[in-house]
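Trainee: Below is the sequence, then the predicted model.
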Amino acid sequence: MRKKASIIGAAIIIQIILAGVLIAQDGWEMNIKAKCLNAENRLVIGQRADASDVIDGRYDVPALLSNGLIKAYIDLEGKQYWKDIKKTCNGPCSKTWNIDVECEDLGEIIELSWGPVNIPGNTRLILIDQGTGKAIDMNLEPYAYTYKNPGRRELIVEVQKW
């Protein structure tokens, strides 16, 4: 009886692992940290096959912003979000996330950082600083971007798939 239970337990574990692999292949997610002095906010963007390009309760998480030193959020349909997952493209396409970063301490350095993400080889992520027009390839190291705080900065993350 114990042997049968062990076999069933092993089969369940294998199914869980395989389900995780399928989810990972289904899309991608990227954490973006916005930091000013010792304060930081974390945002999450990504794509999944079962997500929507409009607000959906399954993947999108509203921001609960306080009066802290830094406020970073994704502007989604005029509302503030910490997480926004969009639908995966089946063919060539371009999708964007509008990100706002606000910090009370003018002139301080704002650092945006992210880790490498396992996205398909035919996909590129670009960070566009609306204040300077500078475009950063997010697929390449050093996986960070800094700028001098003007108070509020608008940035765009664009995913391009060909």
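Mentor: Received the coordinates, thanks.
Trainee: how about the helices in the chain?
Mentor: For the chain, the helices defined by DSSP state H cover 2-26.
Trainee: Which residue lies nearest the spatial centre of it?
Mentor: Ile45 (2.4 Å; C-alpha atoms, centre = their mean).
Trainee: show me what contacts that one?
Mentor: Glu29, Met30, Ile32, Ile74, Lys83, Asp84, Ile85, Lys86, Trp97, Val157 (C-beta atoms under 8 Å, 6 or more residues apart in numbering). Just so you know, the C-beta spots here come from the backbone N, C-alpha and C atoms, and that holds for glycine as well.
Trainee: which residues pair with the fourth one across the strands?
Mentor: Looking back up the chat, that one is Ile74. Tyr81, Ile99 (DSSP bridges).
Trainee: same check, this time on the second one
Mentor: Here Met30 shows beta-bridge partners Ile45, assigned using DSSP bridges.
Trainee: That one against Trp114, yeah?
Mentor: Yes: counting by C-beta atoms under 8 Å, Met30 touches Trp114, with 5.5 Å between them.
Trainee: Common neighbours of these two, please.
Mentor: Met138.
Trainee: So which of the two has more stuff around it?
Mentor: Using other C-beta atoms under 10 Å, the more surrounded residue of Met30 and Trp114 is Met30, with 21 against 18.
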